[in-house]
Structure formats: C-alpha cells, structure tokens
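Q: fold the following for me, if possible:
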Amino acid sequence: MKIIVLLLIVVILASLGSALYYLVKDQGKSDRVVKALTVRIGLSMLLFLSLMAAYYFGWIPETGLR
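A: Numbers count the residues shown, from 1 in each chain. A predicted model of the protein is given here:
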C-alpha cells in the first residue's frame with residue numbers, strides 16, 4: 001500500500017511539474033496547462049478515494065501506515 005501511495009504522489013508531482021513547464025513554454029497560448037492540472041486533480045482524487053477505501057476495508061490499520 002505504501003508503494004502505491006508513494007507512486008501516486010510522484011505522478012501527481014510530475015503532472016504539476018509538467019503544468020509548470022507548459023505554462024512557461026507556451027505562455028498561455030495552448031490548453032496543455034489545463035489538461036495537466038486536470039490530470040493532477042483526477043489523480044489527487046483517486047489517491048484520496050483509494051486511501052478512504054483502504055481504511056474502510058481495513059487495509060490500513062487505525063494507527064496508519066507503517
């Protein structure tokens with residue numbers, strides 16, 4: 001479970017970095033920034049919902065990840 005969470009966080013940060021890159025490179029002339037940020041929001045929601053589901057099903061104990 002830890003590896004999945006860390007992998008999702010890394011992908012979220014990579015999407016945020018690509019949005020910053022497109023913002024600087026395109027100077028607001030394309031919609032790639034919006035697409036990258038939409039992907040980031042979707043991945044963040046996926047991470048949050050998967051953590052909630054993992055807690056509900058007992059995959060994460062009440063003390064948290066160790």
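
Q: rest of the way, CA atoms for contacts and neighbours
A: Fine.

Q: could you look up the SS state of L43?
A: Look at L43: counting by DSSP: H, G, I helix; E, B strand; the rest coil, its state is helix.

Q: residue contacts, it?
A: Listed by CA atoms under 8 Å, 6 or more residues apart in numbering, the contact set of L43 reads 8, 12.

Q: now it: how far from V33?
A: Here the criterion is CA to CA, to the nearest Å. By it, L43 lies 15 Å from V33.

Q: ditto for L49
A: 24 Å.

Q: ok, these two, which is more surrounded?
A: V33 (22 against 12; other CA atoms under 10 Å).

Q: from memory the more buried one sits against A19, does it?
A: Yes - here V33 reaches A19: they are 4.7 Å apart, a contact under CA atoms under 8 Å.

Q: which parts of this protein are strands?
A: In the chain, no strands are defined using DSSP state E.

Q: mind checking how far K2 is from P61?
A: Relative to P61, and taking CA to CA, K2 is found at 13 Å.

Q: got it, and K25?
A: Counting by CA to CA, the gap from K25 to P61 is 44 Å.

Q: and what of S50?
A: 14 Å.

Q: what of A36?
A: Taken as CA to CA, the span from A36 to P61 is 33 Å.

Q: ok, those two, which is more surrounded?
A: Legend: neighbour count by other CA under 10 Å for A36 and P61, higher for A36 (20 against 12).

Q: my understanding was that the more buried one contacts L16; is that so?
A: Yes - look at A36 against L16 with CA under 8 Å: they come within range, at 7.0 Å.
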